[in-house]
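In: Generate coordinates for the sequence data below:
(chains A and B)
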2 protein chains.
Amino acid sequence: MSLQPTSSALAIRHAKPSDYGRVIGRVNVWWGGREMAPMLPQLFFLHFEGTSFVAETEDGELVGFLCGFLSQTQADEAYIHFVGVSPEHRGEGAGRLLYEHFLEEVRAQGRSVVRCVTSPLNEDSLAFHEALGFEVDRVVNDYDGPGEDRTLLVKRLS
Amino acid sequence: MSLQPTSSALAIRHAKPSDYGRVIGRVNVWWGGREMAPMLPQLFFLHFEGTSFVAETEDGELVGFLCGFLSQTQADEAYIHFVGVSPEHRGEGAGRLLYEHFLEEVRAQGRSVVRCVTSPLNEDSLAFHEALGFEVDRVVNDYDGPGEDRTLLVKRLS
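Out: Numbers count the residues shown, from 1 in each chain, chains lettered A, B, ... in the order given. Now for the predicted structure:
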């Protein structure tokens, strides 16, 4: 795995609590006006800093972020909760870089399985995860509440 | 701290992944129709079982639940993310019992500071936390996103 940026303009670093305000101010806009903010309380930037990352341009513009954590139930697992990339910066490799940094970090912390979920209707997300080596574990109706079907994805770290 | 139920009808146990379905099916109703489910994805029941609890009556009726976790950034801290009690069972001590089990658990796991947040407008919640020995750290406007002001609460475990 290479941690070199695919675009010279992108830098990835650990998220800081002070990043939360600018992330949460944009996340609904990035999702086309959907109300996403309730899924991302500040706790993820306060208590899971070590496994959360932001992507920025060289001049500090926020391009994307990833919030993940180490499972406290499954000692070999890590989980990616929320990832966002600015619509203006899609296709520049920020998502892949954020995932690669997370995978590298949790591998270094002894985790061998990474899980996340996405909507079964989100073809772009499914293709993105497949390209990163994730496999479909299964599709579960009402997984995250009534009407909230999810495709469960898993990647085993070698 | 006593872990004895104040009502003989209530039992507290660790949350299991299989509890998620019945919790998420009721949480919006318990909050009077507010859309709370996005704040409580299934991950909390899968990856933080050891610090999450449910309260049930003797015949297995769900009375309440608490989802918390150990901070992965602050080695001495634990955090309570989400607590709910059925409106039909308010005043029976379920909330206090859930908190007491959480505090006991995280103390046993070496944590000495417990944090959570609530709405500055929620007088019942503020009084509940004060009665359990929580103190107001501070009130922060837009803490969990635009318009989402929060009172930050903290309890130091002796």
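
In: for chain B, what are the nearby residues on chain A?
Out: A:21, A:24-25, A:35, A:37-43, A:46-51, A:69-74, A:77, A:79, A:81, A:142-146, A:148 (C-beta under 8 Å from any C-beta of the partner chain). Where C-beta positions appear, they are placed from N, C-alpha and C, glycine not excepted.

In: Show me which of those residues are buried.
Out: With burial judged by 16 or more other C-beta atoms under 10 Å in any protein chain shown, the buried subset of those is A:24, A:37-43, A:46-51, A:69-72, A:77, A:79, A:81, A:143-145, A:148.

In: can you give me the helices for chain A?
Out: Remark: helices assigned in chain A by DSSP state H are A:20-24, A:27-30, A:43-47, A:94-108, A:123-131.

In: Quick check: which of the ones you listed is nearest to A:Glu58?
Out: helix A:94-108 (13.1 Å; C-beta to C-beta).

In: Please state the offset of the closest one from the chain centre?
Out: Its chain's C-alpha centre and that of helix A:94-108 lie 9 Å apart, by C-alpha atoms, centre = their mean, to the nearest Å.

In: Output the contacting helices and strands for it.
Out: In terms of contacts (3 or more C-beta pairs under 8 Å, 6 or more residues apart in numbering or on different chains; DSSP states H and E), helix A:94-108 is packed against strand A:10-14, strand A:52-57, strand A:62-70, strand A:77-85, strand A:113-118, helix A:123-131.

In: hmm, try it at 6 Å
Out: Counting contacts by 3 or more C-beta pairs under 6 Å, 6 or more residues apart in numbering or on different chains; DSSP states H and E, the secondary-structure elements packed against helix A:94-108 are strand A:10-14, strand A:52-57, strand A:62-70, strand A:77-85.

In: Go ahead and name everything in contact with the first one.
Out: Pointing back at strand A:10-14 there. Contacts with strand A:10-14, where a contact means C-beta atoms under 6 Å, 6 or more residues apart in numbering or on different chains, come from A:Glu49, A:Phe53, A:Ala55, A:Glu56, A:Ala94, A:Leu97, A:His101.

In: Tell me how many other residues surround the nearest residue to the fourth one once chain neighbours are set aside.
Out: Think A:Glu56. Here the nearest residue to A:Glu56 in space, its sequence neighbours aside, is A:Ala11; by C-beta to C-beta, 6 or more residues apart in numbering or on different chains that works out to 5.5 Å. As a burial measure, the neighbour count of A:Ala11 was computed by other C-beta atoms under 10 Å in any protein chain shown and equals 15.

In: ok, now A:Asp124?
Out: By other C-beta under 10 Å, 10 other residues sit near A:Asp124.

In: what about it, distance to chain B?
Out: From A:Asp124 across to chain B, the span is 20 Å (C-beta to the nearest C-beta, to the nearest Å).

In: okay, that residue: pLDDT?
Out: The predicted local distance difference test score for A:Asp124 is 94.

In: go on, A:Met1?
Out: According to the model, A:Met1 carries a pLDDT of 51.

In: Same question for A:Gly25.
Out: Confidence per residue is given as pLDDT, and for A:Gly25 that number is 89.

In: Find the nearest non-adjacent residue to it, please.
Out: Closest residue to A:Gly25 in three dimensions, ignoring its sequence neighbours and counting by C-beta to C-beta, 6+ apart: B:Pro146, at 6.5 Å.

In: Go ahead and name everything in contact with the helix or strand bottoming out on mean pLDDT in chain A.
Out: Taking all helices and strands of chain A together, the one with the lowest average confidence (mean pLDDT, DSSP states H and E) is helix A:27-30, at a mean of 91. Contacts to helix A:27-30, defined as C-beta under 6 Å, 6+ apart, come from residues A:Met36, A:Ala37, A:Gly84, A:Ser86.
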